Each structure stands twice: as structure tokens, then as C-alpha cells.
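Visitor: got a structure for you, letters missing:
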């Protein structure tokens, strides 16, 4: 059974994103279509929405969900990083707004069978686009212990990175690590019980780091933020919903008018400088979901939305 995904901070996204109902907008992370559906409901008769995602299965579900709005939507299987190419192919110069939701969908966590969640025993894949790249299993079984430690620290600030990397090295000498349960149990045993976090599973950060490494997520964000302002009309807006500090720092830096902020974890992609691209932040401290939304959808609790405007 496929769980219906609840889009995060949808009211805030619509309020900030849609400045002209008859404009052209982009949902760069279509998923199963939650945000796109609400955007379509708020467009005028001449408005249009371009929906982008790399996940073939998610696109199939979104197409069904958006079927009442076929006349105003265009769905493209592509990465948001290549939005410039998508727009060029469609004969569109600039758009009025772009939305990115950088989180995983309920479908990906619960029904995709790709090992995004440690709550199920699944093959350790973790690729958003199953036609490209190496799986998490291939990565965890082949990269050096030093690289594993680097991934865990840089991409998740895992304080037990060295111990977990060494434990993985010891485990894979016995045989390949192929499933989520193997990784989750290994991390549980490696981190002393007294140091297990209270509110999250001890393997949460390890899974986050592996997913980011497999999909090149932070580099994708940095590359996109560098080109996105050039794809917006004057007054056009970019809204980004992120779920952990590394993503949010890249977004925040992109919306700053001052240059030279280097307060980032080591080995992260170089944050784009917003000055040359004339972006100003509309949400200086970022927006958080309401307590009512968190109560209704606990996965929204770590979300933060930042909105920038092309000036």
C-alpha cells in the first residue's frame, strides 16, 4: 500500500511563490505531486507549471494525481540541476517562481524498496534515479575507511564517524553489506547505548550521509543555486524547503547579499555568492512549520523554508 505523501509547509509555499497566478512556475522536486497539486489549484487560467523529478516511480504516481490539470502542467523526468536545459527545450526564457522540497517523500521512505529507511529491511540502494550512479551498497563496500569517515562527518556531523567507519570496514571483511538492517544494527552496536540519541534512531545520521553521498545532493544544491536566479524574472521567487543544516546553510548563503562567508563544514561544495545574481532574502530567519502541522505530520518537524526574490 502506498502512503499518500503530505506536502510540507504547503500554505507558506503557495503564499510566497505565486505572485502572479497566470505566471509560469516550476516544481523542481515533483515527488508524488503534493506541492504541484496545490500550486495548480492556485494558478490562473493562463498559468502553467513545469514539474521535474528523476524518480520514475514517483513521476508515475504524480501523473495520476495531477491528471485533472493536464492542460496546465508539463512533467519532465530530469534533475532540477538541469532546469536551465529543461526550460530551453520548452522554449521558455524565465519563470515566475521555483519551488524545491529537498526531503524524501513518504513513498520513497515506505514503499520504494530502495533502502531509504532503516525501519525496513531492504536492499541498500538509495538512488533517487535508479538509471544512474552506484548504489549505497556498492559505495559502502568499496570506498576506503577514511572516505567513509569523511562522508559521515561532512554530510551528517556524526560524532562517531571514525568508529562507525571502522566497524563497517570490519563487517565487510566478513562479506558484502547489502541491506539496511545490516547497517542499522551495525551502527546500533557501535555507538554505546548511553550515547544513543533520545529522539532519533542512532543510524539516522549514517543513512543521511550515505544518501547524500550516493546522490551527490549537496553539490546538486550548490550548482542549482548558482544558476537559479538567472532563470527567474525580476520579482520572481525561489522557495527552498530543506531538512538539515548543511542544505540550509547553502540556501541561506545563496540569498545573502554580502560575500565571503566561509563558516561551513570542511569539504562541502563552495556556496554560491548571491551578489552577482541580485537575489534578496524574503525570509531572513527562515520559516518553520506550525506546531499544528508538526503534530499532524511529524516528518515536517525539521523543515525550514527560505525564500529569495530576484531584484
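Guide: Okay, I see it. Nothing here was measured: the structure is a model prediction, and the numbers come from that model. Residues are numbered from 1 along each chain as shown.

Visitor: Check which residues of the top helix by length along the chain are buried.
Guide: Scanning the chain for the longest helix, with DSSP state H as the assignment, gives helix 161-174. Across helix 161-174, burial judged by 16 or more other C-beta atoms under 10 Å covers 161, 163-165, 167-168, 171-172. C-beta coordinates here come from the backbone N, C-alpha and C atoms, glycine included.

Visitor: again with stretch 122-136
Guide: Quick answer for stretch 122-136 (16+ other C-beta under 10 Å): 122, 124-128, 133-136.

Visitor: taking the mean pLDDT, what do you get for that stretch?
Guide: For stretch 122-136, mean pLDDT rounds to 92.

Visitor: quick one: the helices in the stretch 201-311 of the chain?
Guide: Applying DSSP state H, counting those that start in this stretch to the stretch 201-311 of the chain gives helices spanning 204-215, 217-227, 245-254, 291-296.

Visitor: Switch these over to a markdown table, and while doing so, append mean pLDDT, mean neighbour count and distance to residue 283 to every line.
Guide: Shown next, in a markdown table, are these (pLDDT from 0 to 100; neighbours: other C-beta atoms under 10 Å; distance: least, C-beta to C-beta, whole Å):
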| stretch | mean pLDDT | mean neighbour count | distance to residue 283 |
| --- | --- | --- | --- |
| helix 204-215 | 94 | 22 | 24 |
| helix 217-227 | 93 | 19 | 15 |
| helix 245-254 | 91 | 22 | 10 |
| helix 291-296 | 93 | 12 | 16 |
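
Visitor: Any idea which of these gets closest to residue 74?
Guide: Comparison of the helices of the stretch 201-311 of the chain against residue 74 by C-beta to C-beta identifies helix 217-227 as nearest, at 19.0 Å.

Visitor: Any idea how far that closest one is from the middle of the chain?
Guide: Relative to its parent chain, helix 217-227 has a centroid offset of 11 Å by C-alpha atoms, centre = their mean, to the nearest Å.

Visitor: tell me the angle it makes with helix 245-254.
Guide: Orientation check (axes from the mean of the first three to the mean of the last three C-alpha atoms, to 10 degrees): helix 217-227 against helix 245-254 gives 10 degrees.

Visitor: Surely residue 134 and residue 214 touch.
Guide: Yes - under the criterion of C-beta atoms under 8 Å, residue 134 makes contact with residue 214 at 6.9 Å.

Visitor: re earlier: I'd like to know which elements the longest helix of the chain is packed against.
Guide: Helix 161-174 sits against helix 136-142, helix 145-156, helix 180-190, with contacts defined as 3 or more C-beta pairs under 8 Å, 6 or more residues apart in numbering; DSSP states H and E.

Visitor: so how far is residue 92 from residue 19?
Guide: Look at residue 19 and residue 92: by C-beta to C-beta, to the nearest Å, they are 17 Å apart.

Visitor: Please, which helix or strand holds residue 89?
Guide: Using DSSP states H and E, residue 89 sits within helix 83-90.

Visitor: Run through who's touching that helix.
Guide: For helix 83-90, the surrounding residues in contact (C-beta atoms under 8 Å, 6 or more residues apart in numbering) are 26, 28, 50, 52, 74, 76, 78, 93-95, 98, 224, 227-228, 230-231.
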